[in-house]
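> the sequence and its predicted three-dimensional model are supplied below.
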Amino acid sequence: MSELLGVRVVETTGLDDRVLTLTQAASAPSLGRLVDRQFGGLVLTGQGIAASARGFRQTGVSFPVLTEPGRVREEVATESDPFGCSTADSLFPRTLDNFLEGQRSIGATLVLTPTGQVGSQDSATLKAVIREANRIADDDVVTMVPVRPSWLSSSHLKHFKAVLATSQHPVALCLVESNGNPLVARKDTVAGYSSLFAEVPNVIAYRSDLSGLGAIASGGSAAVIGLLPSHRRAAIAGKKGYSSNPTDRSPHVLVPELMRFVRTSRMQREWFASTQPLTCGLPCCSGQAIDRFQNPNEALVHNHVALTSMAQDLLTLPNDQRWAWWIGRLRAAELAHLELGQRIKQDIALPDDITAWLKLAG
Ligand SMILES: [Zn+2]
């Protein structure tokens with residue numbers, strides 16, 4: 001760390017071997033003190049990004065803090081304008097450089113290109129994203145690539161990998177889907193996802209769920225994982241994201257032994273109405289029940305601590321042991337689903353993404 005004009009500056013060379021948490025800027029201060037300096041970081045999204053990022057810069061942080069451009073969620077990229085530079089209401093032409101400089105000026109450690117969503121099979125736009133970002137020589141740039149999961153299907157995967165491999169910057173791969181988990185959109189999506197991280201260097205799983213750990217275990221360089229359902233993918237621009245029950249406001253809670261997030265209300269009503277609930281032995285909960293959360297901020301802290309613990313387990317392993325760790329955790333989760341089902345006398349289905357990863361492992 002060095003001093004520059006009285007501001008402490010983080011010296012990082014990239015995001016390699018980190019699991020960053022994607023969080024609303026407003027919630028970031030409560031998570032900041034819990035970030036693992038070696039293996040963690042924050043990506044700020046939503047309202048108040050600038051003030052939150054400046055706050056981190058002023059107090060000094062020793063982990064990466066990035067700021068997410070809204071275009072990944074809100075706009076569609078075109079071949080002629082992948083980054084939203086040409087807008088009718090702008091007096092002066094904007095450039096990709098301007099956008100990136102804006103992120104640096106508020107204290108972002110590394111900067112994300114403001115790429116709009118690339119449509120299915122829109123190869124010309126995908127190539128334009130990589131080509132135009134490659135024109136920027138700075139070494140703090142991450143090229144955002146928000147795409148539909150169809151790019152990971154066997155018919156498009158080879159071409160997709162070939163284009164991403166031409167990027168001179170790390171690529172943040174963000175899957176775009178409005179109806180639930182993009183990794184179960186098609187039968188071959190998880191296989192395509194894993195093989196992409198195995199074969200294309202410097203790809204970051206962006207806005208992912210726990211499968212971001214699977215991406216690193218497959219060979220990916222880092223993951224940015226959301227603790228809220230809407231942060232674990234990008235909804236299709238112009239379409240509202242899917243919610244399993246919009247009237248249910250109870251928090252989604254990470255249950256490490258099941259390797260999934262579950263709503264408090266579901267655990268209280270369906271799983272643990274008449275049996276002892278699972279507990280969390282991490283410092284966030286000190287052995288208290290996992291189904292107790294009513295306050296979203298308390299659930300967020302638990303989710304962050306539980307995710308950090310998993311990330312530490314994974315990232316302290318050498319690369320050639322990470323796949324075995326990931327599959328071992330998922331096999332243990334499969335067993336935990338069976339045991340819990342027997343205890344509460346209900347069938348608890350294994351989530352489709354876990355099934356797909358286990359199938360891949362054979
Ligand atoms: Zn906890």
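Thanks, I have the structure now.

> where do the helices sit along the stretch 151-300 of the chain?
In order along the chain, the stretch 151-300 of the chain carries the following helices (DSSP state H, counting those that start in this stretch): 157-164, 189-199, 211-218, 264-266, 296-315.

> could you dump those helices into TSV and include mean pLDDT, distance to Arg73 and mean neighbour count?
Just so you know, the C-beta spots here come from the backbone N, C-alpha and C atoms, and that holds for glycine as well. Conversion of the helices of the stretch 151-300 of the chain to TSV gives the following (pLDDT from 0 to 100; distance: least, C-beta to C-beta, whole Å; neighbours: other C-beta atoms under 10 Å):
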stretch	mean pLDDT	distance to Arg73	mean neighbour count
helix 157-164	98	21	17
helix 189-199	98	20	21
helix 211-218	98	18	27
helix 264-266	96	26	18
helix 296-315	97	20	20
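
> looking at those, spot the one closest to the ion.
Nearest to the ion among these is helix 296-315 (3.7 Å), distances taken as C-beta to the ion.

> pLDDT of the very next helix or strand once past the closest one, averaged?
Scanning forward in sequence from helix 296-315, with DSSP states H and E defining helices and strands, the next element found is helix 319-344. The predicted model gives helix 319-344 an average pLDDT of 97.

> could you give the angle of the helix or strand that helix 319-344 is followed by to helix 211-218?
Where DSSP H and E defines the elements, the next helix or strand beyond helix 319-344 is helix 352-361. Here helix 352-361 points in a direction 10 degrees away from that of helix 211-218 (axes from the mean of the first three to the mean of the last three C-alpha atoms, to 10 degrees).

> buried residues in helix 352-361, which are they?
353-354, 356-358, 360 (16 or more other C-beta atoms under 10 Å).

> who are the neighbours in contact with the closest residue to the ion within the stretch 1-150 of the chain?
Across the stretch 1-150 of the chain, no residue is closer to the ion than Leu34, which sits at 11.3 Å (C-beta to the ion). Residues counted as contacts of Leu34 (C-beta atoms under 8 Å, 6 or more residues apart in numbering) are 301, 304-305, 308.

> what's the distance between it and Ala26?
Distance, Leu34 to Ala26, using C-beta to C-beta, to the nearest Å: 16 Å.

> quick check, the residue in the stretch 101-250 of the chain closest to the ion?
Ranking the residues of the stretch 101-250 of the chain by distance to the ion (C-beta to the ion) places Leu227 first, at 12.4 Å.

> show me this protein divided up by domain.
When the chain is parsed with automatic domain parsing, its domains come out as 12-231, 252-361.

> interface residues of the chain facing the ion?
With C-beta under 5 Å from the ion as the criterion, the chain comes near the ion at residues 280, 282, 284-285, 302.

> just the buried residues of those residues.
Neighbour-count burial (16+ other C-beta under 10 Å) is assigned, among the residues of the chain next to the ion, to 280, 284-285, 302.

> in this protein, where is pLDDT below threshold?
1-13, 87-92, 241-244, 246 (pLDDT under 70).

> let's see it at 50
When residues are selected by pLDDT under 50, those of the chain lie in 1-12.

> which residues in it form strands?
Using DSSP state E, the strands found in the chain span residues 2-4, 7-9, 18-24, 42-45, 65-67, 111-112, 141-147, 171-175, 203-208, 222-226, 252-255, 260-263, 279-280, 288-289.

> distance to Leu96 for those strands - can I get that in TSV?
TSV is the format used below for the strands of the chain (distance: least, C-beta to C-beta, whole Å):
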stretch	distance to Leu96
strand 2-4	25
strand 7-9	23
strand 18-24	22
strand 42-45	19
strand 65-67	15
strand 111-112	10
strand 141-147	9
strand 171-175	15
strand 203-208	18
strand 222-226	21
strand 252-255	35
strand 260-263	35
strand 279-280	44
strand 288-289	48
